[in-house]
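J.: just the structure for this:
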Amino acid sequence: MMDSQRNTKNLWVIIETEHGKAKHVGFELLNPGRKLADEMGEGLVAVVIGCGVEKAANDAIALGADEVILIEGDEYNNYNTDCVSFALEQVIRKYSPATILIGATNNGRDYAPRVACRLRTGLTADCTDLSIDEDTGKMAWTRPAFGGNLMATILCPNTTPQMGTVRPGVFKKTIPDAERKGKIVREDIHLDPALVRTRIIETVKEVAAAVNLEEAEIIVSGGRGLGDPANFSYIRELADELGATVGSSRAAVDAGWIPHAHQVGQTGKTVAPKIYIACGISGAIQHLAGMSGSETIIAINTDPEAPIFKVADYGIIGDYKEIIPELLKAIKDRKEAL
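T.: Residues are numbered from 1 along each chain as shown. Below is the predicted model of the structure:
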């Protein structure tokens, strides 16, 4: 157990890697990490664990880290629960960080609770917002609760480090500064092979549907307001014309109108495209939690009181069956004129 009275300092961001490449969410978290560290008067430290990942360490500095703790070894090339959990526990006990941000990936959701348990500290999972509590100066972790019907803000005032996992896509990666300087500290940490309980025998890549909502620049989403699953043809046609990806609300997925891979929201994907077009989506809090980070939100709905209009940059009150054909015509006319 880490002594709750022990002096702690700095905010850490864990940069997850696999096969020598860093995953996007770690770099995304350096953006809020930088702002929060500055607000707390602390340094921002990135922790990079992997094999041949010095480039990721340098990239982390360019994206705002003051210092990088680099842990490398062949055993980190593929993710292994025992190896990563052990390495993180060792460096946390050595350096005593105040706060740790972890991407809520499959791997992050695996090792984060293990490390928190070993340190006997709290862990707030699946966060969608981060801030500093004015009264305590501690991290305020915000996450959906009760099936996404409420947003809960959670404090961990009595134990350190404060730990939380954050959904990919909630924050945007900042613009890198190649001239930025920082320090790389190498730590040589290797778990005794006899204590590694699992090993990868074979990796089989699943052929997934071509739906990549997290990295889409434009998303056109449909909800139950479309009235019929066949009416997703309007959404697909508009998406095709814009070079966009098709998204949906949970209600449309639950109704069996479209596969879950397209779902945006608390129980689906968190997205932050340049343009998000919502058609026939009322704007329940579960859906807003997954798309409110979009740069520009356009809402089409027949109900002028729909909650979606409160977050929309542009709102169109009307029937999508009339509006989408007009949009398509305007887009095609514009393309022909260019």
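
J.: pLDDT score for the most centrally placed residue in the chain?
T.: Closest to where the C-alpha atoms of the chain average out (CA atoms, centre = their mean) is P168, at 1.4 Å. For P168, the pLDDT comes out at 87.

J.: again, but for R6
T.: pLDDT, R6: 53.

J.: with G147 instead?
T.: The per-residue pLDDT reported for G147 equals 67.

J.: list of residues touching the helix or strand containing D38?
T.: Assigned by DSSP states H and E, D38 falls within helix 24-40. Defining contact as CB atoms under 8 Å, 6 or more residues apart in numbering, one finds that helix 24-40 is touched by 10-11, 13-16, 43-44, 46, 59-60, 63-66, 98-99, 101, 103-105, 108, 130-132, 137, 139, 166, 168-174, 214-215. The C-beta positions use only the backbone N, C-alpha and C, and glycine is treated the same way.

J.: take these and keep only those in strands.
T.: Judged by DSSP state E, the contacts of helix 24-40 include 11, 13-15, 44, 46, 99, 101, 103, 130-132, 139, 166 as members of strands.

J.: with neighbour count and distance to I189 added, can I get the residues you listed in TSV?
T.: Shown next, in TSV, are these (neighbours: other CB atoms under 10 Å; distance: CB to CB, whole Å):
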residue	neighbour count	distance to I189
L11	27	21
V13	31	18
I14	27	14
I15	29	16
L44	26	21
A46	30	16
T99	26	21
L101	29	20
G103	25	20
L130	21	28
S131	14	32
I132	14	31
M139	26	26
V166	28	24
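
J.: OK, contacts around E75?
T.: C51, C83, H190, L191, P193, V196.

J.: burial count for the closest residue to E16 other than its chain neighbours?
T.: What sits nearest to E16 in space, not counting adjacent residues and going by CB to CB, 6 or more residues apart in numbering, is K23, at 4.6 Å. Each residue near K23 was counted by other CB atoms under 10 Å, and the total is 17.

J.: against G290, how distant is K23?
T.: In this view, K23 and G290 are 19 Å apart by CB to CB, to the nearest Å.

J.: my guess is A60 meets I15, correct?
T.: Yes: A60 is in contact with I15 according to CB atoms under 8 Å; the separation is 5.8 Å.

J.: shared neighbours, the two?
T.: By CB under 8 Å, 6+ apart, the residues touching both A60 and I15 are A22, G26, F27, A46, V48.

J.: farthest-apart pair in the residues you listed, please.
T.: F27 and V48 (10.7 Å; CB to CB).

J.: tell me, what's touching these two both at once?
T.: Common neighbours of F27 and V48, using CB under 8 Å, 6+ apart, are I15, A60.

J.: what's the neighbour count on the nearest residue to the residue nearest to the centre of the chain once chain neighbours are set aside?
T.: Among residues not flanking P168 along the chain, V25 sits closest, at 4.0 Å (CB to CB, 6+ apart). V25 is flanked by 26 other residues according to other CB under 10 Å.

J.: tell me how far V25 lies from S221.
T.: For V25 relative to S221 (CB to CB), the value is 22 Å.

J.: let's have the contacts of E75 in JSON lines, adding secondary structure and distance to F232.
T.: JSON lines is the format used below for the contacts of E75 (DSSP: H, G, I helix; E, B strand; the rest coil; distance: CB to CB, whole Å):
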{"residue": "C51", "secondary structure": "coil", "distance to F232": "43"}
{"residue": "C83", "secondary structure": "helix", "distance to F232": "44"}
{"residue": "H190", "secondary structure": "coil", "distance to F232": "52"}
{"residue": "L191", "secondary structure": "coil", "distance to F232": "49"}
{"residue": "P193", "secondary structure": "helix", "distance to F232": "52"}
{"residue": "V196", "secondary structure": "coil", "distance to F232": "47"}
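
J.: what is the nearest of those to K329?
T.: C51 (53.3 Å).

J.: and the helices in this structure?
T.: In the chain, the segments counted as helices under DSSP state H are 24-40, 54-62, 81-95, 106-119, 232-242, 250-254, 285-291, 308-311, 320-337.

J.: show me how far the first one is from its chain's centre.
T.: So the one you mean is helix 24-40. Here the centre of helix 24-40 is set off from its chain's centre by 12 Å, with CA atoms, centre = their mean, to the nearest Å.

J.: what of the fourth one?
T.: Between the mean C-alpha location of helix 106-119 and the chain-wide mean there is a distance of 17 Å, by CA atoms, centre = their mean.
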